[in-house]
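K.L.:
take a look and give me a structure for this.
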Amino acid sequence: MEKLYYRPLVQTDAVRPDDALRLAGGWGWFDTVERIARGGVRELIPARHLPEEVAERLTARRAPVAGMGMDCPKIMGILNLTPDSFSDGGRFDAPEVALQRAQDLVAAGADILDIGGESTRPGAQEVPEDEEIERTAPVIAALRDEGFAAPISIDTRKAMVGDAAVEAGADMLNDVSAMEFDPAMAELAAITGLPICLMHAQGLPETMQDDPDYGDVLLDVYDYLEERVALAEANGIARERIVVDPGIGFGKTLQHNLTLLRGLSLFHGLGCPVLLGVSRKRFIGTIGGTEAATDRGPGTLAVTLAGVAQGAQIHRVHDVREIAQGLRLWRAITEGYES
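P.N.:
Next up, the predicted model:
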């Protein structure tokens, strides 16, 4: 039987039809769905004609992630403890600087921190496990010793790094390889009971941008994440503890990225919160005409708000203050404002 995919056409207007469905228990709604089949067959259908199990996945309220409710957008502030990350490598890898940066990100509006000790930018080389642990675990432990209360995510592909971070006080696992690089990540997530983000990437960072190729990038990425979610469940990780990320910029061309962003609401069909990581990425510079990664804040805000409009719940960004301000204005316009 031909596999069908269902992409809700998300709306955020305060006025909505009585029969509209609320998306993932959040701020968006839909009354129309694009039904997609491979081979370019697409048609619009009323949301009330959805198969029951599909409607349930699209509308079910998402469980909290690391203590954060998913009924409004959340900001994940990036703290790279690396010398070679693409836009801020070497800026925050000194321990005292990292601690201050963490506090600054939360003060600026971050709901959760994502701490990483290995760059996964295009062309990056693998960091030895012990070195990655040494970069990340002491900073997490020091933050907790100082009474830092915000949730912390560990950005790593390696179970031993994740385990050390959890021992130090991390609340979430963020694996850009979706547990492929180190299958022991599945056991770590199952044993700890922590939420885990599974991201799509085509190839390894060293080579992923050499020649990305897909039959249908939107459907291929969806199928991959569907398979990884099923594998996680088979390993004892409840779907309510899984976050999915389409992996913008990880083995994708500019056109691949735009296709995924246009079709982002499709991923709500997996029944998991959606994390979007677009911050300062190359395609923003290419389209926006900005060479320096640090000049891509306005473009990052534009793409982030496009993702919010499609119901993406978690947004991983460098420029927290600017994104938080933009998000407050977006919510004031779409949801109302009380002084």
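
K.L.:
now do the helix or strand hosting Val244, average pLDDT.
P.N.:
Taking DSSP states H and E as the definition, one finds Val244 inside strand 242-245. On average, the pLDDT along strand 242-245 is 98.

K.L.:
which residues touch that strand?
P.N.:
Applying CB atoms under 8 Å, 6 or more residues apart in numbering, the contact partners of strand 242-245 are 65, 176, 195-200, 225, 229, 232-233, 267, 270, 272-277, 314. Every residue, glycine included, has its C-beta placed from N, CA and C.

K.L.:
pass me the low-pLDDT residue ranges in the stretch 51-200 of the chain, would you?
P.N.:
By pLDDT under 70, the weakly predicted segments of the stretch 51-200 of the chain are 84-94, 123-124.

K.L.:
the same query, at a cut-off of 80, please.
P.N.:
Scanning the stretch 51-200 of the chain with the threshold set as pLDDT under 80 gives 83-96, 119-125.

K.L.:
for the residue nearest the centre of the chain, list each beta-bridge partner.
P.N.:
Centroid-nearest residue in the chain, with CA atoms, centre = their mean: Leu275, separated by 2.2 Å. Judged by DSSP bridges, the bridge partners of Leu275 are Ile314.

K.L.:
for it, give me its contacts.
P.N.:
Listed by CB under 8 Å, 6+ apart, the contact set of Leu275 reads 76, 174, 197, 199, 243-245, 312-316.

K.L.:
for these, give me CSV that also has distance to Leu21 and neighbour count.
P.N.:
Shown next, in CSV, are the contacts of Leu275 (distance: CB to CB, whole Å; neighbours: other CB atoms under 10 Å):
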residue, distance to Leu21, neighbour count
Met76, 27, 28
Asn174, 30, 27
Cys197, 25, 26
Met199, 27, 25
Val243, 22, 25
Val244, 20, 25
Asp245, 24, 27
Ala312, 17, 28
Gln313, 17, 25
Ile314, 22, 27
His315, 23, 27
Arg316, 27, 24
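
K.L.:
go through these and say which is closest to Thr120.
P.N.:
Nearest to Thr120 among these: Met199, at 9.4 Å, using CB to CB.

K.L.:
in a markdown table: the contacts of Leu275, plus distance to Asp295.
P.N.:
A markdown table is the format used below for those (distance: CB to CB, whole Å):
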| residue | distance to Asp295 |
| --- | --- |
| Met76 | 21 |
| Asn174 | 26 |
| Cys197 | 27 |
| Met199 | 25 |
| Val243 | 29 |
| Val244 | 30 |
| Asp245 | 25 |
| Ala312 | 24 |
| Gln313 | 27 |
| Ile314 | 24 |
| His315 | 19 |
| Arg316 | 19 |
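
K.L.:
quick one: which of these is nearest Thr300?
P.N.:
Using CB to CB, His315 comes nearest to Thr300 of those, at 9.3 Å.

K.L.:
my read: that closest one touches Met76, true?
P.N.:
Yes: counting by CB atoms under 8 Å, His315 touches Met76, with 6.4 Å between them.
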